[in-house]
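Next input, structure requested:
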Amino acid sequence: MPYKYINKDRLEEELARLNGDNHSTKSKKKIRTKKKPKLSIEEEKQRNDFLERGEIGISLTTITKHMDREDALSRLKLSGYDVAYYFHNEQFHRLAVKFQAKSGWRYHKRNNAKRKGFKPLIYHKVRKNEDYTHIIPVGFHGSENDERLLIGYASNINRGPLKKFEKHIIDLNNTESILWFVSIENQNDGSVKWHTTVWDEDGHIIKEETFHDPTKFVWIS
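Alright, predicted model coming up:
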């Protein structure tokens, strides 16, 4: 499957224009939920054209060396914003990425038509009560059909506790940069666990959680 990414300079220019080039520092104040940022008609048109061209808003590198949580944190501390690292084998599906503040709503427009013909690497054997679930919320990157960024997962988890976790992180990201690591893990009984950890830029854990979908899965390696 071919992937098309924007030039890094173009990405930085667009983000600076649409979101401002401010790096927020860590806030000790209570997190306040913010609404989606309002774009002008011209900005919205440019954003939609950007996504329709099949481009995504992160630079995603596939690595062949196993990446555990400690390695992910080390990589992210040294990496730039919107740089992601991906690892997949018969046991793990892992993604690590760093975002500057106010990144969670950059690509909030959804396009379910993009998912037609999409074939995930991980999905339920019996395909009911399942959602195509983003490893990282779509607002951060804009992709609806990249098998590195979506898997099949239980609807009740995706729309319940996972959504609650992600909303908390999106709200937090309104005021500070984050480092995000997700580890999807194939279990011996055919079920799948989802571990997610978010750090601040100093490497302190902000929030971490584990979800377990007991359904039997197909796992393509």
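
For residue 140, give me phi and psi.
phi -80, psi -20 (degrees, to the nearest 10).

before we move on, what about residue 178?
Phi and psi for residue 178, reported as degrees, to the nearest 10, are phi -140, psi 150.

So what sits opposite it in the bridge?
Beta bridges link residue 178 to residue 99, judged by DSSP bridges.

could you check the distance from it over to residue 70?
Using Cβ to Cβ, to the nearest Å, we find residue 178 at a distance of 17 Å from residue 70. C-beta coordinates here come from the backbone N, C-alpha and C atoms, glycine included.

Please compare these two by neighbour count and tell me which comes out ahead.
Between residue 178 and residue 70, residue 178 has the larger neighbour count (other Cβ atoms under 10 Å), namely 23 against 9.

correct me, but the more buried one touches residue 204?
No - between residue 178 and residue 204 there is no contact under Cβ atoms under 8 Å: 11.1 Å.

Now the residue lying closest to residue 59 once chain neighbours are set aside: phi and psi?
Distances taken as Cβ to Cβ, 6 or more residues apart in numbering put residue 83 closest to residue 59, at 5.2 Å, once the chain neighbours are dropped. Note on residue 83: its backbone torsions stand at phi -110, psi 120 [degrees, to the nearest 10].

I'd like to know how many residues surround residue 83.
With other Cβ under 10 Å as criterion, residue 83 counts 18.
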